[in-house]
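Visitor: What follows is a protein structure lacking sequence information:
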């Protein structure tokens, strides 16, 4: 067993032996035999100056004292001083199988020595080999792939594709959703922190977000998660009335805001990412798709964060909702950090894109295709999806114990290694925990070697979406560090 996270089936089957469910936690960082290279680059002080004077002023930096990352290995990151951190954010849910995974690295290096780039107007082997392999991972009639460079670019294309196919301009997304920040997509993204005061989003409308924790309806039987909300509910076991309420809200938008009897597209994440790992009621998405399709609309699943086995029980997040979309958008984990993305749809919808020329200079280039193909191989060979299920379930259950112990931990939710921890002033009000207290907890965890993300409209949700090679030993260490930070910053 490699201590740094390369999992095999044999290792996966022994995970319970590595960290039994005894409620204990590690007080020291799990060992790793990897040694980072000595750092010899720009100084921290000079980097701060360049960032201030030469980089985008909109580029924000995590932490009061920022971390300057020098090297990565599997679930670990190393700063320029050689300090090691457990990366629980994966470059914003992007590093899927591990930083600098040796098989992915080898595939990129091998291809770069042959051919970095050529236009896809010429044929080259890797895009065809990879395209076939990726298409085989898709259910139903999702067979046609458009390769792009980012999730925003892919969502942009998916919206255009839906409008071309249906001939209807109007589209619907959900409040609290994030689908990108380009001018075209800013209307789909319904988080005010990501929207500029300029004309955008023509023809796009939002429906109420089906949030069982913070929305008007929701209870203890709503989510497909090892952890349910703390809210009381009169639903029977296995029943959720909240989903029907949120579907009614969508139907109301369709009735009043669409051209009569028509809709172009409906966008939904399987689990909202930037919005704070919000999970919908189990019975929301399927009837929502049915209502959209009854009006001739196209259903689009944004799998940018939930794809490639991250939710554990399924390869794609939408499969957990018992639906097959008309268009699927994927990015981030598709390339384990390499900038690449894709839109996959049916032959019928793809035919609508033949009305004009469509081309992407870098999408599906030789190196991207080699990297993407290697990522698919690693997910299968190392049982990454199954590990995400086992380790993620254990992680959520251990975090739920901290929720029960600390008043400021309001909600723990998620599936597999797509996890959110919503912080509150108190459980009764569910008021968001103040920004300074969030920052203090976050900073203390960083100082003790654990890096988490943040999200949600109020910035009060810790986002836990690590490289999927993390182990139960890593989870126990995280729980210990998180508990210490909560004790330092909580009165209860």
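Guide: Nice, I can see it. Keep in mind the model is a prediction, meaning the values are calculated, not measured.

Visitor: Within the helices and strands, which one has the spatially most central residue of the chain?
Guide: The centroid of the chain falls nearest to residue 305 when counting by CA atoms, centre = their mean (2.5 Å). Using DSSP states H and E, residue 305 sits in no helix or strand.

Visitor: now do residue 154
Guide: In the assignment (DSSP H and E), residue 154 maps to helix 151-166.

Visitor: Any idea how far that helix is from the middle of the chain?
Guide: Mean-position distance between helix 151-166 and its chain equals 20 Å (CA atoms, centre = their mean, to the nearest Å).

Visitor: begin at 31 from here
Guide: New numbering, starting at 31: the last item is helix 181-196.

Visitor: OK, contacts around the residue nearest to the centre of the chain?
Guide: By CB atoms under 8 Å, 6 or more residues apart in numbering, the contact list for residue 335 reads 123, 299, 301, 303, 362, 363, 448, 495. All C-beta atoms are positioned from the backbone trio N, CA, C, and that covers glycine.

Visitor: Equivalent analysis for residue 317, please.
Guide: Counting by CB under 8 Å, 6+ apart, residue 317 makes contact with 273, 274, 277.

Visitor: which ones are touching the last one?
Guide: For residue 277, the residues meeting the contact criterion (CB under 8 Å, 6+ apart) are 314, 317, 318, 321.

Visitor: That one - that's part of a strand, no?
Guide: No - going by DSSP: H, G, I helix; E, B strand; the rest coil, the assignment for residue 277 is helix, not a strand.

Visitor: I'd say residue 156 and residue 370 touch.
Guide: No - with contact defined as CB atoms under 8 Å, residue 156 does not count as touching residue 370 (12.0 Å).

Visitor: Name the SS class of residue 403, please.
Guide: What three-state DSSP gives for residue 403 is helix.

Visitor: How about it: what's its closest non-neighbour residue?
Guide: Of all residues not flanking residue 403 in the chain, residue 160 sits nearest, at 4.4 Å (CB to CB, 6 or more residues apart in numbering).

Visitor: tell me which element the one you found falls in.
Guide: Using DSSP H and E, residue 160 maps to helix 155-165.

Visitor: again, but for residue 428
Guide: Using DSSP H and E, residue 428 falls within helix 414-435.

Visitor: which helices and strands does that helix pack with?
Guide: Using 3 or more CB pairs under 8 Å, 6 or more residues apart in numbering; DSSP states H and E, the elements in contact with helix 414-435 are helix 39-43, helix 45-48, strand 439-445, strand 448-453, helix 502-518.

Visitor: Give me the mean pLDDT for it.
Guide: Average pLDDT, helix 414-435: 98.

Visitor: hang on, isn't the residue nearest to residue 403 packed against residue 393?
Guide: No - with contact defined as CB under 8 Å, residue 160 does not reach residue 393; the gap is 11.6 Å.

Visitor: re earlier: pLDDT for the contacts of residue 317 - can I get that in CSV?
Guide: Output for those, formatted as CSV (pLDDT from 0 to 100):
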residue, pLDDT
273, 95
274, 95
277, 98
